[in-house]
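Asks: Dropping a prediction and its sequence here:
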Amino acid sequence: MKAIACSILVLLLSSCGAAYRSLEKEADFQALAELVERGTYQFQIQSATPTGGRTVQITSAYSLKVQANRFEAYLPSYDRAYQPAYAGNSPIRFGGKPENLEILRKEKKGRMSVSFTMKEAQDSYQITLEVGRSRYGTLRVSSQDRQSISYYGLLEEISSDR
């Protein structure tokens, strides 16, 4: 009889733990979704992987910053340029209001997706940011004049004192 009671107790406790973890994951996702939809965040780059290349760990301050409907990027580049203007792996820089901005909630996967186009004088960039409830994610940048490159990093809230 004790064995049956212990088994029932273990089942109840494990189901309570699973329910708690599910609620915790949902709360993490809701906080992420609100942050992304509010549009005041910074994606800090930790590593970069050019198409067909090796992953490079990043030690300097590179990021994609979003504030007041403006997207500002300063990103390292280890790619192959298709135009002479990009010789020497110059950083990817852009700033301003994006075109074709799309923000998607992927609730079942616990992810947020932000995609947009940014046109600069010399180039046009197609950007996709995918971030999970842990706030780690991938930023993919495609260009007309450079190879595509992916960045791995962490999404952080921008505080009002920055």
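Replies: Thanks, I have the structure now.
Asks: Going by C-alpha atoms from here, please, whenever you check contacts or count neighbours.
Replies: Noted.
Asks: confidence score at the nearest residue to Val114 once chain neighbours are set aside?
Replies: Nearest non-adjacent residue to Val114, counting by C-alpha to C-alpha, 6 or more residues apart in numbering: Ile103, 4.6 Å away. Looking at Ile103, its pLDDT reads 95.
Asks: What distance do you get for Ile103 to Glu130?
Replies: 10 Å (C-alpha to C-alpha, to the nearest Å).
Asks: coming back round to it: need the residues that contact whatever helix or strand the residue nearest to Val114 lives in.
Replies: Ile103 belongs to strand 99-106 when elements are defined using DSSP states H and E. Outside strand 99-106, the residues that touch it by C-alpha atoms under 8 Å, 6 or more residues apart in numbering are 33, 37, 111-118.
Asks: That one pairs with which strands?
Replies: strand 111-119 (antiparallel) (DSSP bridges).
Asks: hang on, the earlier thing: ranking by neighbours, what's the top pick from the contacts of strand 99-106?
Replies: Ala33 (24 neighbours; other C-alpha atoms under 10 Å).
Asks: could you list every residue that touches it?
Replies: So Ala33 contacts 105, 112 (C-alpha under 8 Å, 6+ apart).
Asks: Is the closest residue to Tyr136 other than its chain neighbours in a helix, a strand, or coil?
Replies: Distances taken as C-alpha to C-alpha, 6+ apart place Leu154 nearest to Tyr136, at 4.5 Å, with adjacent residues excluded. Secondary structure, DSSP: H, G, I helix; E, B strand; the rest coil: Leu154 is strand.
Asks: ok so, going back, which neighbours do Ile103 and Glu130 share?
Replies: 112-114.
Asks: Include pLDDT and distance to Gly52 when you put those residues into CSV, please.
Replies: CSV is the format used below for these (pLDDT from 0 to 100; distance: C-alpha to C-alpha, whole Å):
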residue, pLDDT, distance to Gly52
Met112, 96, 26
Ser113, 97, 24
Val114, 96, 24
